[in-house]
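In: Model the following, please.
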Amino acid sequence: MKNLLMLFALIVLGVSFNSCEKQLDVEETVTAKINSPTEGATMTNGTSLNVNVTFTDPTELHNYSIVVLDENTNTTVLNLTGHTHNTSYTLDSTIILSVATSSAFKVTAIGTNHSGETATDVVNLTVNP
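Out: Numbers count the residues shown, from 1 in each chain. Below is the predicted model of the structure:
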């Protein structure tokens with residue numbers, strides 16, 4: 001009887017340890033994803049550049065910024081900033097490209113959440129006259 005009681009205690013103890021799983025903390029992570037244009041794209045003068053960016057955060061976004069820079073002239077050709085409380089937000093904007101010489105352009109998207117985390121995505125492209 002003593003052995004049976006001891007065996008029962010060990011089984012209960014074993015089941016107790018197995019049922020305790022460590023909870024994994026879900027880290028809050030903001031993302032910024034430039035959907036368009038694609039890295040290394042080549043475009044021509046006078047065409048439309050579609051800039052499409054999606055920002056996400058599992059809890060809540062805060063601020064966002066999208067900048068398109070003509071690196072040859074150091075001119076900002078698009079500057080969008082804003083504030084949102086969504087968990088996902090997509091911006092879509094189109095500009096007409098105007099260059100006199102072959103130019104390197106950089107699209108930068110930055111998103112932040114209410115915890116202060118920041119995500120950045122960068123795409124480089126070339127615009128030919």
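In: how near is residue 94 to residue 37?
Out: Plainly put, residue 94 is 11 Å away from residue 37 if you go by C-beta to C-beta, to the nearest Å. C-beta here means a position set from N, CA and C on the backbone, and glycine is covered the same way.
In: Name the residues contacting each of the two.
Out: Listed contacts common to residue 94 and residue 37 are 49, 50, 51; contacts here mean C-beta atoms under 8 Å, 6 or more residues apart in numbering.
In: Can you pull out the low-pLDDT segments for the protein?
Out: Low-confidence regions of the chain, defined by pLDDT under 70, span residues 1-28.
In: Would you mind measuring from residue 122 to residue 60?
Out: With the distance defined as C-beta to C-beta, residue 122 ends up 24 Å from residue 60.
In: which stretches of the protein form helices?
Out: For the chain, the helices defined by DSSP state H occupy 2-19.
In: that older thread, which of the shared contacts of residue 94 and residue 37 has the largest number of neighbours?
Out: Neighbours were tallied for each of the shared contacts of residue 94 and residue 37 (criterion: other C-beta atoms under 10 Å), and the maximum of 22 neighbours falls on residue 51.
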